[in-house]
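Enquirer: coords below, sequence missing:
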């Protein structure tokens, strides 16, 4: 099986990193892909860098937004323009292991999986690997995912023959809200690969490094996106906070 994979990459002022992201896709063992880069009105040289790649590789496509609309709008624009059976996400400052797509597609075909993700390694802003790996379980269902988001957006691969309607909500932590909606609506579990297949760049000023904001955004998901009452939301948040602490302080981050 050699089905097309659509890779959605939102980009904003990413001249420092976008070459590495694109090259990690070009170097994939699995070669039947399209990379849809949605530029969200960058002010630097990001667009010019991507245009050079577009001239050399027809699988790379650049979409430009006239005004800055945010990462959610950029991702949804990319999703709407995609043509592949499989859908993947790669932010402009992150990278993939060369076997990322081939290993996930092999698992999905062998086990008839609709939603796949993997472990990933933390990368410093300068591109140096930290040796710290976010390990993932073999499977995660809706109730388990409510305890905390273990699914890295850069590792996700979705079979759109099984999950056809995908749109990220305009809310902080939009990827987490999307995974919860998919698992709940389709009553399925996402399947994880324990091997690290991606590299997440953690900048010093990264929004995701602020755990207090993460907690607030998760509360909004429980209350506003999932429409939970105050009591259930409070219960879910208590569990969520405990699991965030475990994830970042104990077992879930290990030395490679």
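Expert: Everything's here; your move. Everything numeric in this text was worked out from a predicted model, so none of it was measured.
Enquirer: Span of stretch 57-70 from start to end?
Expert: 27 Å (C-alpha to C-alpha, to the nearest Å).
Enquirer: What are the buried residues along it?
Expert: 59, 60, 61, 62, 65, 69 (16 or more other C-beta atoms under 10 Å). (Glycine included, C-beta is placed from N, CA and C.)
Enquirer: Which member of these is positioned nearest residue 192?
Expert: residue 59 (27.3 Å; C-beta to C-beta).
Enquirer: that older thread, now, which of the buried residues of stretch 57-70 lie within strands?
Expert: 60, 61, 62 (DSSP state E).
Enquirer: Export those as JSON lines, with columns for distance to residue 106 and pLDDT.
Expert: Output for those, formatted as JSON lines (distance: C-beta to C-beta, whole Å; pLDDT from 0 to 100):
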{"residue": "60", "distance to residue 106": "24", "pLDDT": "98"}
{"residue": "61", "distance to residue 106": "26", "pLDDT": "98"}
{"residue": "62", "distance to residue 106": "30", "pLDDT": "98"}
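Enquirer: my read: residue 75 touches residue 168, true?
Expert: Yes: counting by C-beta atoms under 8 Å, residue 75 does reach residue 168; the two are 5.4 Å apart.
Enquirer: so what does the helix or strand harbouring residue 121 touch, helix or strand wise?
Expert: Under the criterion DSSP states H and E, the helix or strand holding residue 121 is strand 115-123. Here strand 115-123 touches helix 100-111, strand 129-134, strand 157-159, helix 174-186, strand 190-201, going by 3 or more C-beta pairs under 8 Å, 6 or more residues apart in numbering; DSSP states H and E.
Enquirer: cutoff 6 Å now
Expert: helix 100-111, strand 129-134, strand 190-201 (3 or more C-beta pairs under 6 Å, 6 or more residues apart in numbering; DSSP states H and E).
Enquirer: Quickly, which of these bottoms out on average pLDDT?
Expert: For these, mean pLDDT drops lowest on strand 129-134, to a mean of 92.
Enquirer: Given it, what are its sheet partners and their directions?
Expert: strand 115-123 (antiparallel), strand 253-255 (antiparallel) (DSSP bridges).
Enquirer: looking at these, which has the lowest confidence?
Expert: That would be strand 253-255, which, of all the strands paired with strand 129-134, carries the lowest mean pLDDT at a mean of 42.
Enquirer: Show me the helices in the chain, by range?
Expert: 18-26, 46-56, 71-81, 100-111, 142-145, 174-186, 211-220, 230-249 (DSSP state H).
Enquirer: Residue 36 is nearest to which of those helices?
Expert: Closest of those to residue 36 is helix 71-81, at 4.5 Å (criterion: C-beta to C-beta).
Enquirer: Identify each buried residue in the closest one, please.
Expert: 71, 72, 73, 74, 75, 76, 77, 78, 79.
Enquirer: What mean pLDDT does that helix get?
Expert: In the prediction, helix 71-81 has an average pLDDT of 97.
Enquirer: Quick one: residues in contact with it.
Expert: Identification of contacts with helix 71-81 by C-beta atoms under 6 Å, 6 or more residues apart in numbering yields 8, 10, 36, 38, 40, 166, 167, 168, 170, 174.
Enquirer: One more pass at 7 Å, please.
Expert: Outside helix 71-81, the residues that touch it by C-beta atoms under 7 Å, 6 or more residues apart in numbering are 8, 10, 36, 38, 40, 63, 65, 87, 89, 166-168, 170, 174.
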